[in-house]
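Peer 1: Predicted model follows, preceded by the sequence.
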Amino acid sequence: MYLQKVADGNSDYALMDKKVIMVGGGRSKVEFCDLFSINNDIIHVKKYGGSSLLSHLFFQALVSGETFLFEESFRDAVNEKLPDSHKLPNLDSKPDPGNYMVCIAIMSDVPGPLELPFFSKVSFKHTVKTLQNLGYQVCKLKIER
């Protein structure tokens, strides 16, 4: 509901939630992101939950980021699901990850700064470091619910 409202209320964002892409044969599916902005923000969003839910969010961002860089067929499939206004350029060459911001957004109704459980902090730190080593810019966002 939230993601749909964002995409409907601002043409800068394309809704990609639940638009999964088959990768690697078999039944493996990857969601590129929940929202993709005209400014190349790759936004992954989840409601605040336990460590396993948050770790899933972080791992989703990591797998998506790696697959986007290294799998041309994944980029082709992402482009098919994007509206014309958000299409990716130069699909046959590896994108420059420095041109993309991976945003990990967590929705919470708890006032104040976002506090993660210990294991989620460890998982988040690993995800950020790996994405940055790939060349991406990374940010963490708290969405007030």
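Peer 2: Everything's here; your move.

Peer 1: all strands in the protein, in order from the N-terminus.
Peer 2: 13-15, 20-22, 29-31, 35-37, 41-47, 101-108, 137-144 (DSSP state E).

Peer 1: Which pLDDT does the model give Pro97?
Peer 2: With respect to pLDDT, Pro97 scores 97.

Peer 1: What is the burial count for it?
Peer 2: 20 (other Cβ atoms under 10 Å). Heads up, the C-betas are built off the backbone N, CA and C, glycines and all.

Peer 1: Leaving out sequence neighbours, find the closest residue to it.
Peer 2: Leaving aside its sequence neighbours, Pro97 sits nearest to Gly135 (Cβ to Cβ, 6 or more residues apart in numbering; 3.5 Å).

Peer 1: Same question for Asn99.
Peer 2: Here the residue nearest Asn99, using Cβ to Cβ, 6+ apart, is Asn40, at 5.6 Å.

Peer 1: Tell me how far that neighbour lies from Ser108.
Peer 2: Using Cβ to Cβ, to the nearest Å, one gets 26 Å for the distance from Asn40 to Ser108.

Peer 1: any idea how far Ser73 lies from Gly24?
Peer 2: Where Gly24 is concerned, Ser73 sits at a distance of 10 Å (Cβ to Cβ).

Peer 1: What score does the spatially closest residue to Gln60 that is not a sequence neighbour have for pLDDT?
Peer 2: With Cβ to Cβ, 6+ apart as the criterion, Gln60 has its nearest non-adjacent residue at 5.7 Å, and that residue is His44. Listed pLDDT for His44 reads 98.

Peer 1: ditto for Gly9
Peer 2: 85.

Peer 1: Same check on the one 5 residues further on?
Peer 2: Ala14 is assigned a predicted lDDT (pLDDT) of 97.

Peer 1: can you check Phe119 too?
Peer 2: Value for Phe119, per-residue pLDDT: 89.

Peer 1: so the residue nearest to Gln60 bridges to which residues?
Peer 2: Ile104 (DSSP bridges).

Peer 1: Could you give the number of residues near Ala7?
Peer 2: Quick note: Ala7 (other Cβ under 10 Å) scores 19 neighbours.

Peer 1: Good, wrapping up.
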